[in-house]
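J.: Have a look at this prediction, sequence included:
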Amino acid sequence: MTETILYGIKNCDTVKKARHWLDEQQVSYRFHDVRTDGLDPQMIESWIAAAGWEKVLNKVGTTWRKLEPAVKEQVSADNVVDLLMEYPAMIKRPVLDQNGTITVGFRPNQYALLFNL
């Protein structure tokens, strides 16, 4: 049995678009809200291993912009997991886990290829 999990934040516009696309295509998935359902460091580490920490860390969002400049300058592969655990809103959304294949962000054409649609 294959399992598809969409990780994100319920109110995020991009996550809403991804969920709408998946629903329209009748793709079965489970939604995991990283704020309410939680995260663990191993989960984030697996996303980083698959996509790279620079892609998983969202440097365009409000949470990143509000960080102290000194904190931003110190971010590296060695400490990014701790930062993302503390500020889950800084995870680029959504993260799609399709049987261990990780996709960060949402682009309809990329999802169509993933699901052979």
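T.: On my side now, so go ahead. Just so it is clear, the structure is predicted and the values come from calculations on it, not from any experiment. Residues are numbered from 1 along each chain as shown.

J.: Output the below-cut-off pLDDT ranges for the protein.
T.: 1-2 (pLDDT under 70).

J.: mind running it again at 90?
T.: 1-3, 61, 99-100, 116-117 (pLDDT under 90).

J.: Sketch out the helices for it, chain order is fine.
T.: Assigned by DSSP state H, the helices in the chain fall at 13-24, 41-51, 53-56, 62-66, 69-74, 80-86, 108-114.

J.: Pipe the ones you listed into a markdown table and attach mean neighbour count and distance to Lys92 per row.
T.: Using the backbone N, CA and C atoms, a C-beta is placed for each residue, glycine as well. Shown next, in a markdown table, are those (neighbours: other CB atoms under 10 Å; distance: least, CB to CB, whole Å):
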| stretch | mean neighbour count | distance to Lys92 |
| --- | --- | --- |
| helix 13-24 | 15 | 9 |
| helix 41-51 | 16 | 9 |
| helix 53-56 | 17 | 6 |
| helix 62-66 | 12 | 10 |
| helix 69-74 | 10 | 16 |
| helix 80-86 | 17 | 10 |
| helix 108-114 | 12 | 14 |
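
J.: Now distance to Pro94 too, for those helices, in CSV please.
T.: Listed next are the helices of the chain as CSV, based on distance: least, CB to CB, whole Å:
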stretch, distance to Pro94
helix 13-24, 5
helix 41-51, 11
helix 53-56, 12
helix 62-66, 16
helix 69-74, 24
helix 80-86, 14
helix 108-114, 10
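
J.: quick one, what contacts the residue positioned nearest the centre of the chain?
T.: Residue closest to the average C-alpha location in the chain (CA atoms, centre = their mean): Val95, at 3.1 Å. Neighbour list for Val95: 6-8, 47, 56, 102-104 [criterion: CB atoms under 8 Å, 6 or more residues apart in numbering].
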